[in-house]
Structure formats: C-alpha cells, structure tokens
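Engineer: Quick one, fold the following:
(2 chains)
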Amino acid sequence: MLRIENLHVAIRNGGSVGPAPIIKELNFTLDRGELLGTIGASGSGKSTLARALLGVLPSPVYTINGMISFQGIPLTGKHRASVLKNRIAYMPQLPNALNPLFKVGSQLRRMAVRKGLQSQEEIDRALDSGLQAVRLHYDVLNLYPYQLSTGMARRVFLAGAFLRTPELIIADEPTAGLDEELSEEIMTIIRNYVDNGGTALIISHDLKSLLRWSDGLSVLLDGNMIELTRRTSLSENFSVRHPYTNALIDALPSNGFNVKAKKMDMSSSPCPFFNKCTTKCPQPFELPRAKFFVTNEMVMCHAAVQ
Amino acid sequence: MLQSNNISFRYGANHPWIVKNGCFNLKKGSIVGMYGHSGTGKTTFSRILSGYLQPCEGTITCDRQPFPHSGFRPVQLVFQNPVEAMNPYWTMEQILTEASPLDDNILDLLEIPKKWLARRPSELSGGELQRIALARVFNRNIHYIIADEITANLDAISQASIWKVFSEYARSENIGVLAISHDLALLEKVCDQTIHFSEISPSPGDS
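Structural biologist: Below is the predicted model of the structure:
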C-alpha cells in the first residue's frame, strides 16, 4: 500500500559540515491491514520520516530523494495533494496543533469541508461518526482547545482523521504524556480501525505499547532503518535480530531495566550502533548492508544470521 | 525534610481547586514516586513544591525553614521537555554555569563530553539535553529534586541510563527526589516508595 524506496532526506545547509543527512537510504513497504510501529531515539529521524511522507518538509531547507508511493501513485508528484486530502490522515503529536481561537466544533467542520464533504447534512453525519469512533461526547464541540486535556485533544485529532474513513493513518506519538488507561484507549481505537481494514503507521518512543499493539516494528537509528520485524498475530513475540532492538527491549523497566556497559572502543565504524554494541562484530569497519528475509523483514547488522 | 502542609491551589477565586489540602513530606535521601491520572494536578503540585507557584492556602517548609519566596531555592524542578526548559540562544556552557561554576565530576558522572559545551540546545538530542538538565541541578546547594516525567520523551536505553545515574547520585549525596511518571513499572524500579496522587490531594476539582 505504502512503498518507500531509497528515501534520503537531508538538511540543505548543515552549517560548516555541508548538507546534513537525517534519513539515509530508507526502504520499506506497509501493507494494507497492518499496524506498523516505528521506534527510535530522539534525533533518529522518526518525525522527519512522517513529515517526508506527508510532503510537508519545506524544500528550501530539505532535499528529499527517493520514491514514496501510495497504492502505486507517487506521493512526490502532482497527485500528492488529492491523495493526502482524502485518503491519508495525519495525527500530530502536540495538542497545540489546534487553533486556540476557535471551538473544536468549528475546527472539525472546517476539516470536514477540506476533506471534500459539502452539504451540512453530510458534515453533521461525519462529525457524529467521527466522535463516536473515538468515544467523545458531543459537548466537546463547544469547547475551546485550552479546555481539553491532552487525552481529549488526541481523541479530537483522531475524530478529525475519522471524519472520512482514511485508508492510512500516520500518527506521531499518539500516546506520549498520557496515563496508561488513556494510552490504552487511544491504541484500542487505532487497533480497531486497522482490524476493520485500515492501515496505520505509528511513530512512537513508547516501545511497550508498540510491542503490545503493532503487527510490525521498525527501528530507526541515526537515520537508518536497522530492523523491520513482523508477526502474524498479536499473541506472538517479535523475532528480534538486531542488538540495538534487543538492548531497547532489555532497558524497559518491566523487562529488567538493563543498560549494558559501553565498551570504551572509540575507533570509528560506519555502523551507527558500533560504539554501544556489546555483540562481537565480524566486520567492524564496513557499513552493514540490509539483509532481507522472505517474511518481508530486514535487519542491518553484520552479526545477524540470514 | 521538604514538607507541604495542607496546601491548596486554584488559579482564581472563581476557578475550581486544582490541589486541595495537599500534604506531602519528602525526606532527604529518599526517592518517592508519584503517579496518577492525566489532568489531576500532579504537575501543578510539583510547581508549587518547587516554588514556581504560590499556594493559595497552606505552607511549605524546607528543613523547618519557611520556603524562600525569591532567590536561590534548595528545591529544583526538572522538566519533561528539556528543549523548552533551555534558552535556545545559549550554549551548554552558559546554561550550566548560570548558577554555579562547572564541576568536572558531575560532567563525568553524566558522561557529558567537553565538546558539547559550545553547542546550543538545537544541536543535541533529547536524551543528551536531559543529561544537561540534570547536570544543572546536581549542585551541592540543591537538596531536593522534583523530576516531572523527565524520561517520558526518551527511548528506553536513555531512560534506563539516566535513571541509573540519577538514583545513584541521589543516594550518595543524600538528595530527596520526587519522581512523577505514568509508568508504574519505572517508578517501582527506581523509587523506595510510590504513592498515588489522590493520597496527597484527595479528589481534586470536586470542591
């Protein structure tokens, strides 16, 4: 459904160092009916990936190379605007993406108009179904954004996304700053949407909820996708091949809270994880190439067996 | 001991109480975890404890002294988002030396390389900036640290390494820490005891 080939994003003017790459050579596909989670440390390129997919990176600042296509339609060309308007919904990270001067209702109505709904009746019906999907009461329409809690604001974004059921939802940190109950509620809504034929790409640092809710897990490190792993059912564990992903999972408070000691090896290696890796590397001075598996998974590590 | 005695807070006479009769004691050398639902006043409470907001009722005492209204406070707050907590035009060196001279031991402890000192907040990642934010409060004159979701924006590895350094420092220097988080598993790993916010300030917003 969504296909990304050789995506490369760089800041044009990276100061004295020249163009600074943010995303280096990204390749992956997202299938219909899949909930793919993307995880990575801050600065690894997660949000840039979302913005590149939406085409909102300002071109005077960024150079974007490579191919992004949505159901065969390139998202880089003239079809981008119409595809984004009707078929892809984006859920921003911060509640301040709402205009503070207008009530939630009028903002959702404007979203509906922009999504191509015309008659008042159509819009009202869309509002109803959108609010119902996220279990928000009708009263929320009369509130100003400052009266919403973070959890409510996130659900308002989701309601906006569901005004016209999208084919793909891209959500940036949908659960950050929420308590466990609320984050579970948000993830359940997204999960239900995917189970009913939707597709979602979730960018998050909340590994615990991704391990629980997503069908696929992609791991970004320093602008590289170092691992993509998928499972056939939610009850199954991900088969993790990259030492960084393993380290992330081991560092979860519920899994032991372990941080392995860094070796003080300061020799430079093109591998983005080399300086923190505790696995013995067979080829430390070569950039690991992506190894692909028949199951549509990949890993970028010399030590991983294919 | 940092004591709050029956403190209540609201933003104005016609507004609902956000914190009502909050009682909480933080001993030096103990790490206390606090959790609770979104929007129940945890962050407001942490701002009152650290002196950013004045309580409408009740008092706060720090080592039996009334809480200083201005000047240097022995209680400091570490924020969730380090980017917003730092002046974007300042270098790390300016940020770190604002209150006290640089301490090499602290920089080593938090693994802050010297070359970062010339950088500005936009040139470091979230985990790196949060280490700078901690270096700012690891100070001989600060006895209580309130950490409001300090690792909520970080990946699991940065989170574990930051809490490791932080809890070791607090124990060795006899610092009282109030850690606020939604992640109960995290609090159980790093804290001596955890309390639900409703035990401090019962049913906020009702009265």
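Engineer: From the chain's centroid, how far away is stretch A:136-154?
Structural biologist: A distance of 24 Å separates the centroid of the chain from that of stretch A:136-154, by CA atoms, centre = their mean, to the nearest Å.
Engineer: wait, doesn't residue A:12 sit right on residue A:21?
Structural biologist: No: between residue A:12 and residue A:21 no contact is recorded; they are 11.1 Å apart, counting by CB atoms under 8 Å. C-beta here means a position set from N, CA and C on the backbone, and glycine is covered the same way.
Engineer: what residues does chain A put near chain B?
Structural biologist: For chain A, the contact set with chain B under CB under 8 Å from any CB of the partner chain comprises A:39-43, A:149-151, A:176-183, A:205, A:207, A:247-249, A:251-254, A:257-259, A:276.
Engineer: are any of those buried, and which?
Structural biologist: Buried by 16 or more other CB atoms under 10 Å in any protein chain shown: A:39-43, A:149-151, A:176-180, A:182-183, A:205, A:207, A:247-249, A:251-253, A:257, A:259, A:276, out of the residues of chain A next to chain B.
Engineer: which sections of chain B are below the confidence cut-off?
Structural biologist: Counting by pLDDT under 70, chain B shows low-confidence ranges at B:203-207.
Engineer: mind checking which helix or strand the residue nearest in space to the middle of it is in?
Structural biologist: Against the mean C-alpha coordinate of chain B, by CA atoms, centre = their mean, the closest residue is residue B:146 at 2.3 Å. Taking DSSP states H and E as the criterion, the element that holds residue B:146 is strand B:144-148.
Engineer: what comes into contact with that strand?
Structural biologist: Outside of strand B:144-148, the residues that reach it under the criterion CB atoms under 8 Å, 6 or more residues apart in numbering or on different chains are B:2, B:26, B:28, B:42-43, B:46, B:49-50, B:62, B:74-80, B:137, B:166, B:170, B:175-180.
Engineer: Run through the neighbouring helices and strands of the next helix or strand after it.
Structural biologist: From strand B:144-148 onward toward the C-terminus, using DSSP H and E, the following helix or strand is helix B:156-173. Using 3 or more CB pairs under 8 Å, 6 or more residues apart in numbering or on different chains; DSSP states H and E as the contact criterion, the neighbours of helix B:156-173 among helices and strands are helix A:243-250, strand B:31-35, helix B:126-137, strand B:176-180, helix B:184-190.
Engineer: Can you tell me which of these is most buried?
Structural biologist: Counting by mean count of other CB atoms under 10 Å in any protein chain shown, strand B:176-180 has the highest mean neighbour count of those, with a mean of 24.
Engineer: Would you mind measuring from residue A:9 to residue A:120?
Structural biologist: When distances are taken as CB to CB, to the nearest Å, residue A:9 and residue A:120 turn out to be 41 Å apart.
Engineer: okay, the two: which has more neighbours?
Structural biologist: Neighbours around residue A:9 and residue A:120, counted as other CB atoms under 10 Å in any protein chain shown, are more numerous at residue A:9. The numbers are 22 against 9.
Engineer: so what's that one bridging to?
Structural biologist: When bridges are taken as DSSP bridges, the partners of residue A:9 come out as residue A:23, residue A:64.
Engineer: doesn't residue A:21 make contact with it?
Structural biologist: Yes: between residue A:9 and residue A:21 a contact is recorded at 7.4 Å, counting by CB under 8 Å.
Engineer: Next, the buried residues of the lowest-mean-pLDDT helix or strand in chain A.
Structural biologist: Of all the helices and strands that make up chain A, the one with the lowest confidence by mean pLDDT, DSSP states H and E is helix A:80-86; it has a mean of 76. Taking 16+ other CB under 10 Å as the basis for neighbour counts, the residues of helix A:80-86 that come out buried are A:80, A:83-84.
Engineer: before we move on, what about stretch B:4-17?
Structural biologist: Residues B:4, B:7-10, B:17 are the ones in stretch B:4-17 that count as buried (16+ other CB under 10 Å).
Engineer: what's the most distant pair in the residues you listed?
Structural biologist: Among the buried residues of stretch B:4-17, the pair separated by the greatest distance (CB to CB) is B:4 and B:10, at 15.8 Å.
Engineer: could I get the helices and strands packed on helix B:156-173 as TSV with distance to residue A:66?
Structural biologist: As requested, the helices and strands packed on helix B:156-173 are arranged in TSV below (distance: least, CB to CB, whole Å):
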stretch	distance to residue A:66
helix A:243-250	23
strand B:31-35	43
helix B:126-137	26
strand B:176-180	42
helix B:184-190	38
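Engineer: and of those, who's closest to residue A:217?
Structural biologist: Between residue A:217 and the helices and strands packed on helix B:156-173, the shortest gap by CB to CB is with helix A:243-250, which sits at 7.7 Å.
Engineer: ok, now which ones touch residue A:256?
Structural biologist: Contacts of residue A:256 were listed using CB under 8 Å, 6+ apart, and they are residue A:250.
Engineer: Tell me the confidence at it?
Structural biologist: With respect to pLDDT, residue A:256 scores 81.
Engineer: Take the buried ones among the residues of chain A next to chain B and keep only those in strands.
Structural biologist: Within these, residues falling in strands by DSSP state E are A:39-40.
Engineer: Give me the subset of the buried ones among the residues of chain A next to chain B lying in helices.
Structural biologist: Judged by DSSP state H, the subset of those located in helices is A:150-151, A:180, A:182-183, A:207, A:247-249.
Engineer: Show me which pair in these is furthest apart.
Structural biologist: For those, the maximum inter-member distance is 30.7 Å, found between A:151 and A:247 (CB to CB).
Engineer: which bits of chain B sit near chain A?
Structural biologist: The interface of chain B toward chain A, taken as CB under 8 Å from any CB, is made up of B:35-39, B:80, B:125-127, B:149, B:152-161, B:163-164, B:182-186, B:188-189.
Engineer: Narrow the residues you listed to just the buried residues.
Structural biologist: B:35-39, B:80, B:125-127, B:149, B:152-161, B:163, B:182-184, B:186, B:189.
Engineer: and residue A:12 and residue A:21? which has more neighbours close in?
Structural biologist: Taking residue A:12 and residue A:21 together and counting by other CB under 10 Å, residue A:21 has the greater number of neighbours (17 against 12).
Engineer: what's the spacing between that one and chain B?
Structural biologist: For residue A:21, the distance to chain B equals 15 Å [CB to the nearest CB, to the nearest Å].
Engineer: My guess is that residue contacts residue A:222. True?
Structural biologist: No: the criterion here is CB under 8 Å, and residue A:21 misses it with residue A:222 at 9.4 Å.
Engineer: related to what we said a few turns ago, what is the distance between the least confident helix or strand of chain A and the centre of its chain?
Structural biologist: The mean C-alpha position of helix A:80-86 is separated from the chain mean by 18 Å, CA atoms, centre = their mean.
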